[in-house]
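1. test case, fold it:
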Amino acid sequence: MKRLKSRLLLLISGILLVVIGTSILFNPFTFFASNGTLLSQDPNLLSEIRAPGGMLMIAGLFITLAAVRPEFIQQALALSILIYGAYGSARVVSMGLDGRPVDSLVGATVIELAVSGLCFATWAANHNATLAKGA
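-> Predicted structure coming up:
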């Protein structure tokens, strides 16, 4: 049952990253307009916007793969913790420095920190179970 929960969490985490990353990489204008952010046609800006989209897409593919390849579960959980935790924490810092963004970005912050927390709890439980087995 524990492995099933880990796999389901990774599947959700990975698919979210694939969808968001793909949207940022291939359709950044629409993606950012959905929260009121308007982009320009500046190639330098678009390069800076699209690059993290590609990273999120590839990371999401690995995390999704780990949902069906149990030997990668712990690594994928760790990657999810780092990505979602970094994004959520950076948004909190931004709120302190820049003020409160639109509700959709506040919601994204809550989701990112929640996913990171769930992944950490699952990673820790799996790690402790492995230690208890003596492996």
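
2. could you use CA atoms for every contact and neighbour count after this?
-> OK.

3. those helices in the protein, which residues are they?
-> Under the criterion DSSP state H, helices of the chain are mapped to 2-26, 28-33, 43-66, 73-98, 103-133.

4. any idea which residue sits dead centre in the protein?
-> With distances taken as Cα atoms, centre = their mean, Tyr84 lies nearest the centre of the chain, 4.1 Å away.

5. so who does it touch?
-> Taking Cα atoms under 8 Å, 6 or more residues apart in numbering, we find Tyr84 in contact with Glu112, Leu113, Val115, Ser116.

6. mean pLDDT added to the helices of the chain, as TSV?
-> Shown next, in TSV, are the helices of the chain (pLDDT from 0 to 100):
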stretch	mean pLDDT
helix 2-26	94
helix 28-33	97
helix 43-66	98
helix 73-98	98
helix 103-133	90
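
7. one step back: among the contacts of Tyr84, which one has the most neighbours?
-> Ser116 (25 neighbours; other Cα atoms under 10 Å).

8. so that one versus Glu48, what's the distance?
-> Ser116 sits 24 Å away from Glu48 when distances are taken as Cα to Cα, to the nearest Å.
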